[in-house]
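**Student:** Starting from these lines, generate the structure:
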Amino acid sequence: MQMPPRQKMINMMYLVLTAMLAMNVSKEVLDSFAVLDAELVRSEQAHHQRTAVEYAQFDNMTAKFPEVYRPQRDLAEQVRLAADSLVDHIGVMKARVVAEAEGEPMDKLMARGSDGRDTLKALMTVERKDDRDALANLLIGSEPSAPKDGPFTARDLHRRIDAFRELLKRTVGDADPIMTASLDQLFDLQDRRDASGTMNNWESTNFYEVPLAAGIAALSKVQTDVRTAENDMVKWLYRQVSKDSHTVNTLAAAVIPASSTVLLGEPYRAQVFLAASDSRVRPEVTVGEGRKVDVGPDGKAHVELPSDRVGEQLVKGLMRYQGPKGVEEYPYELKYQVMAPLLVASPTKMNVLYRGVDNPIELSVPGVAADRIQPAIDNGSISRAGNGWVVNRLTGGKAQVSAVVRNDDGSTRRIGPVQFRVKDLPPPMAYVAQKNARDSKVCKKALEAAQGILARLEDSDFEAPFKVTRFKLTLVRKGSPPLEAEVVGNAFNDKARELLHAARVNDVVYFEEIKAKLTNGQGNEVALPSIALKVQACQ
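**Tutor:** Here you go, the predicted structure:
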């Protein structure tokens, strides 16, 4: 545990002044202890403030990466609570002793510091710095070889310091023997020889027949040691999060596809993640039977493999990298598909081509630029539409799409054909107020708000290629003759609107003889299923 030079100087002053007690207890020596105590108090406060910065950094990283930092932050919180408790306990001990020596109540000796913590009046202002009775009576008792026990005694403090030290050592465990040894050295409370050379226990050595100034300084030193250990422990815990981590200076998005080939109808799957690398430490990359691959300044190896065989190819390789624990090896595999040039033609919306509508399709030949492909069809016509193609004017039940590809030397070759089935579009479903033939009830307000009847293909990607051309509306009320309205087109006429507004709850409205036709005018009219809706009150 490395102490800053200032702390080492303060500790040396404490040892020198303690040794001087055996020779002289002059006012100058007592005042020197008061000066030392002030330095120790300032040192404790400085450590406390620095540790607060460490905790804040810990909290910031824990909020961003809770799974990584939370375990160590929880251990740091245990250390903080234990350190605060021990420092506060010693503060009360100091106040009790000074109050006993000065004959004043404790509350007159305490004040609130700028950081919100309770602080004891400066030792330099204490009149009875040479008092020897207060420490002995409160902390030791009448028999120095067997110090008394109880709250706020030196024996009680001994146990608390031992418990704090053991907490820190358990936190470190076997991970850092040097850290553990430094804690034993910092909080060494074993019996020792006093200034006269007599073997004595830690309690009596520090607090029996000792001037008040020296005893208070000894307590302040313990507080400083606690804060020093707390600060070192929090830093150590923070370092444990990344002690085995690799250093990086570059982040980039990486994509690893599950396959380099995707069949029609199957989803494309890939892993997309953030890759970290260190351009300062270049890996050694080999491929195949150990052939080395050149690594660029960015730390990336650029692999080039042959494509002299059709089918899936699998090549294995190895990457060696200098990690924090030595050379690390990472095997890898490269899978890729080698395909012969062929025409690929597939409808973008369905697996068939439909009569009477524009059928968008995509055409491509792997390895051939799109501007070198000229498609042809033996049924209907095919023409360019944006980045794709459109097939229409179809007849019959089949169609074949082929392509002529222009080579680099100017020659051409025909690829294909690809077979397609040709079918009529399925009849659409009529909708009124979002209701169709499968529905039986409708809200009155929704019915009144409807503008007409829509023809919509079910489960189709084609957008409204049909339009209703005519239908009959019938209003049926129990005990009354039916009321009818003939409508031409898809929008309600005045008579139809009048009947819909007159509809009451429990009336039934029929939409029958519904006819529809493709919006481009091709083909014949088709009959749509009738709709029967019982009028209900709206919820």
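
**Student:** just the helices in this structure please.
**Tutor:** Ranges of helices in the chain, per DSSP state H, are 5-20, 27-64, 66-102, 133-135, 154-172, 177-186, 202-207, 212-242, 444-449, 494-502.

**Student:** Worst mean pLDDT among those?
**Tutor:** Among those, helix 5-20 has the lowest mean pLDDT, at a mean of 50.

**Student:** returning to what we had before: please identify which of the helices of the chain is closest to A122.
**Tutor:** For the helices of the chain, the distance to A122 is smallest for helix 27-64, at 6.3 Å, taking Cβ to Cβ. For the C-beta atoms, the positions are set from N, CA and C on the backbone; glycine is no exception.

**Student:** tell me which residues in that closest one are buried?
**Tutor:** 29-30, 32-34, 36-37, 39-41, 43-48, 51, 54-55, 58, 61-62 (16 or more other Cβ atoms under 10 Å).

**Student:** cool, and stretch 222-240?
**Tutor:** Result for stretch 222-240 [16+ other Cβ under 10 Å]: buried residues 222-238, 240.

**Student:** next one: stretch 451-461
**Tutor:** G452, I453, L454, A455, R456, L457.

**Student:** Tell me how far it lies from the chain's centre.
**Tutor:** 44 Å (Cα atoms, centre = their mean, to the nearest Å).

**Student:** What is the end-to-end distance of that stretch?
**Tutor:** 24 Å (Cα to Cα, to the nearest Å).

**Student:** ok, and the closest non-adjacent residue to R393?
**Tutor:** G380 (4.2 Å; Cβ to Cβ, 6 or more residues apart in numbering).

**Student:** what about the one you found, neighbour count?
**Tutor:** The number of residues packed near G380 is 16, by other Cβ atoms under 10 Å.

**Student:** Please apply the same query to L139.
**Tutor:** 26.

**Student:** what's the answer for S411, then?
**Tutor:** So S411, with other Cβ under 10 Å, has 8 neighbours.

**Student:** pLDDT wise, what is it at?
**Tutor:** Looking at S411, the pLDDT reads 77.

**Student:** Stretch 530-537: which residues count as buried?
**Tutor:** Within stretch 530-537, judged by 16+ other Cβ under 10 Å, the buried ones are I531, A532, L533, V535, Q536.

**Student:** Now for the third one: which residues touch it?
**Tutor:** Contacts for L533 (Cβ atoms under 8 Å, 6 or more residues apart in numbering) come out as V432, A433, K435, D439, S440, K441, V442, L447, V508, V509, F511.

**Student:** What subset of those residues is buried?
**Tutor:** Counted by 16+ other Cβ under 10 Å, the contacts of L533 give V432, A433, K435, V442, L447, V508, V509, F511 as buried.

**Student:** Quickly check these for the two that are furthest apart.
**Tutor:** Of all pairs in the buried ones among the contacts of L533, the most separated under Cβ to Cβ is A433 and V508 at 14.3 Å.

**Student:** check contacts around Q419.
**Tutor:** Q419 touches K398, A399, Q400, counting by Cβ under 8 Å, 6+ apart.

**Student:** Please spell out the PyMOL selection for the buried subset of those residues.
**Tutor:** Selection of buried members from the contacts of Q419 for PyMOL, criterion 16+ other Cβ under 10 Å:
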select buried, resi 399
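
**Student:** Now distance to G103 and pLDDT too, for the contacts of Q419, in a markdown table please.
**Tutor:** A markdown table is the format used below for those (distance: Cβ to Cβ, whole Å; pLDDT from 0 to 100):
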| residue | distance to G103 | pLDDT |
| --- | --- | --- |
| K398 | 115 | 91 |
| A399 | 112 | 92 |
| Q400 | 114 | 91 |
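
**Student:** For the contacts of Q419, give me JSON lines that also has distance to A154.
**Tutor:** Output for the contacts of Q419, formatted as JSON lines (distance: Cβ to Cβ, whole Å):
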{"residue": "K398", "distance to A154": "103"}
{"residue": "A399", "distance to A154": "101"}
{"residue": "Q400", "distance to A154": "102"}
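
**Student:** which one of the contacts of Q419 sits closest to V285?
**Tutor:** Among these, and counting by Cβ to Cβ, the member closest to V285 is Q400, at 48.1 Å.

**Student:** if I look at the closest one, how far off is P306?
**Tutor:** With the distance defined as Cβ to Cβ, to the nearest Å, Q400 ends up 35 Å from P306.

**Student:** and if you look at F58?
**Tutor:** From F58 to P306 the distance is 53 Å (Cβ to Cβ).

**Student:** Okay, now the unreliable bits of the stretch 201-350 of the chain?
**Tutor:** 244-249, 258-267, 310-312, 324, 337, 339-350 (pLDDT under 70).

**Student:** re the thing from before, in strands, which of the buried residues of stretch 451-461 appear?
**Tutor:** L454, A455, R456 (DSSP state E).

**Student:** Contacts only, for the last one.
**Tutor:** Residues touching R456, when contacts are defined by Cβ under 8 Å, 6+ apart, comprise P428, M429, Y431, A464, F466.

**Student:** tell me which residues form a beta bridge with it?
**Tutor:** M429 (DSSP bridges).

**Student:** Check what pLDDT it gets.
**Tutor:** pLDDT, R456: 87.

**Student:** so how far is S277 from it?
**Tutor:** 53 Å.

**Student:** swap in the first one?
**Tutor:** L454 sits 57 Å away from S277 when distances are taken as Cβ to Cβ.

**Student:** and what of the second one?
**Tutor:** According to Cβ to Cβ, A455 and S277 sit 58 Å apart.

**Student:** Among the ones in strands among the buried residues of stretch 451-461, which one lies nearest to V418?
**Tutor:** For these, the nearest to V418 is R456 (30.6 Å; Cβ to Cβ).

**Student:** now the helices of the chain in a markdown table, with distance to R470?
**Tutor:** Converted to a markdown table, these look like this (distance: least, Cβ to Cβ, whole Å):
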| stretch | distance to R470 |
| --- | --- |
| helix 5-20 | 98 |
| helix 27-64 | 66 |
| helix 66-102 | 66 |
| helix 133-135 | 111 |
| helix 154-172 | 85 |
| helix 177-186 | 91 |
| helix 202-207 | 108 |
| helix 212-242 | 75 |
| helix 444-449 | 20 |
| helix 494-502 | 12 |
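
**Student:** since we're on the residue nearest to K423 when sequence neighbours are not counted, how many residues are nearby?
**Tutor:** Here the nearest residue to K423 in space, its sequence neighbours aside, is V352; by Cβ to Cβ, 6+ apart that works out to 5.2 Å. Applying other Cβ under 10 Å, we find 12 residues neighbouring V352.

**Student:** V352 is in contact with R421, isn't it?
**Tutor:** Yes - if you go by Cβ atoms under 8 Å, V352 and R421 touch, sitting 4.5 Å apart.
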